[in-house]
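Asker: Next come a sequence and a model predicted from it.
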Amino acid sequence: MAVTSRERPNLGALPGAIVLSVLIFLGMVSHAQASEEDSWEGFNRRVFAFNEFFDRWLLKPIAKGYVVVTPRFVDDAVTNVFNNLGEVGNFTNNVLQGKVDAAATDVSRLLLNSTIGLGGLIDLATRVGVEGSEEDFGQTLGSWGAGSGPYLMLPFLGPGTVRDAFGRIPDAFLKPQSYIDHDLTRFSVNATDLIDTRADLIEAERLIQGDRYTFIRDAYLQRRAYLLADGEVEDDFTSDDFDDEDY
């Protein structure tokens, strides 16, 4: 059966997509004040239940099979390739956030891993101490002062916030695999990325305790706060807290 073609994103449309995303987002936030509180919990739990069903009966079994048949070094290489492709988005968002040094690091990682690292199969940059960053347009909006909006569980896509949901629009244009001309190849690459990502999360699931929905929500929001602060976590304790202590 012939594969039907579909309109593909183009780089020329990126600025327009960013502007549209910002305008829609700001209009939404004007009605939903920036907050990490789960004010839409009823809706979110229903979407979460749907995602859990989809994951339990389709995605997770495929991911488990992938782990069984894929040697560890191959799995690592696949992960490295997609991480390397992600440097394009990291670089663009660091530029938009005015992080010149971080953007330069992203370029260094991309060039090093794409050449000596054999197209990204080997994460040579990390091995030599060139640590990367994890940036997206949701973080860029946050750095511009936009609030997160309520927590929002998205069908198939998983946890997010209103800000992060709209940030996915321009992020889609920053994935190099989106510009693969052949539809079946592009679908296969994206499917491999999804399965590889899900496989890498299987071990992490063992950390989940109590209500899965609450655990995943809180973990996501804490992770996003950490990324938005570039890993700078405030210390609630200072030396003054111990000045009056007797030992």
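Answerer: On my side now, so go ahead. Residues are numbered from 1 along each chain as shown.
Asker: can you give me the mean pLDDT across stretch 103-117?
Answerer: Averaged across stretch 103-117, the pLDDT comes to 97.
Asker: Could you give the separation of it from the chain centroid?
Answerer: 20 Å (Cα atoms, centre = their mean, to the nearest Å).
Asker: buried sites along that stretch?
Answerer: 103, 105-106, 109-110, 112-114, 117 (16 or more other Cβ atoms under 10 Å). In short, each C-beta sits where N, CA and C put it, glycine included.
Asker: In helices, which of these appear?
Answerer: 103, 105-106, 109-110, 112-114 (DSSP state H).
Asker: Got phi/psi on the residue positioned nearest the centre of the chain?
Answerer: Against the mean C-alpha coordinate of the chain, by Cα atoms, centre = their mean, the closest residue is Asp136 at 6.9 Å. Torsion angles at Asp136 (phi, psi; degrees, to the nearest 10) stand at phi -150, psi 180.
Asker: who's in contact with the closest residue to it other than its chain neighbours?
Answerer: Spatial nearest neighbour of Asp136, chain neighbours left out: Asp171 (5.3 Å); criterion: Cβ to Cβ, 6 or more residues apart in numbering. If a contact means Cβ atoms under 8 Å, 6 or more residues apart in numbering, then Asp171 has 89, 136-138 as its contacts.
Asker: Would you check which pair of those residues lies furthest apart?
Answerer: Farthest apart among the contacts of Asp171 by Cβ to Cβ are Gly89 and Gly138. That separation is 11.2 Å.
Asker: which of those two has more neighbours?
Answerer: Neighbours around Gly89 and Gly138, counted as other Cβ atoms under 10 Å, are more numerous at Gly138. The numbers are 27 against 21.
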